[in-house]
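A.B. asks: how would this look folded up:
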Amino acid sequence: MSSSPALPTWRGATHLILLYWLDRADRSMLKAFPPYDRKEHGVFATRSPNRPNPIGVGIVELLEVSGGKLKVRGLDAMEGTPLIDIKPYFSEVDSIPNAAVGWRK
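C.D. replies: As a prediction, the model looks like this:
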């Protein structure tokens, strides 16, 4: 990411939320087999990258800030995937400890 006035000083931040465009996703797929279940589910009940609107979201660890570049760990995206937005991760707001997915019990 090039240096930008929209890119704040991230020093002291430990984690970020990244939104990215899964540009190589198959937008025609409406069902998926998630890795944690052998049953087929609609893509909106899964985290499959193949979906009609392939927006990816990831919470990553911020390792380094150097000029206009951020080095992160834990991004589940392919090299060259377009980044849409960066948001700070706030554990008090963004973490819901008792959240559940219906099919994953």
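
A.B. asks: Quick one: mean pLDDT over the longest strand anywhere in the chain.
C.D. replies: Criterion DSSP state E: the longest strand present in the chain is strand 55-66. Strand 55-66 carries an average pLDDT of 91.

A.B. asks: For it, list every residue counted as buried.
C.D. replies: Going by neighbour count (16 or more other CB atoms under 10 Å), the buried part of strand 55-66 is 56, 59, 60, 62. The way it works is simple: take the backbone N, C-alpha and C, and place the C-beta from them, glycine included.

A.B. asks: Relative to residue 103, which of the residues you listed is nearest.
C.D. replies: residue 56 (20.9 Å; CB to CB).

A.B. asks: where in this protein is pLDDT low?
C.D. replies: Across the chain, the ranges flagged by pLDDT under 70 are 1-9, 11, 105.

A.B. asks: swap the cut-off to 50 and go again
C.D. replies: Along the chain, segments meeting pLDDT under 50 span 1-2.

A.B. asks: Okay, strands next: where are they in it?
C.D. replies: Counting by DSSP E, the strands of the chain are 15-21, 31-32, 41-42, 55-66, 69-73, 83-88.

A.B. asks: of all those, which lies closest to residue 103?
C.D. replies: strand 41-42 (6.2 Å).

A.B. asks: and the closest one, which strands flank it?
C.D. replies: strand 31-32 (antiparallel) (DSSP bridges).

A.B. asks: Which residues does the strand it pairs with contact?
C.D. replies: 40, 41, 42, 43, 46, 48, 50 (CB atoms under 8 Å, 6 or more residues apart in numbering).

A.B. asks: 10 Å instead?
C.D. replies: 40, 41, 42, 43, 44, 45, 46, 47, 48, 49, 50, 51 (CB atoms under 10 Å, 6 or more residues apart in numbering).

A.B. asks: for stretch 69-87, same thing?
C.D. replies: Taking CB under 10 Å, 6+ apart as the rule, stretch 69-87 contacts 1-3, 6-8, 10, 13, 15-25, 47, 49, 54-65, 94.
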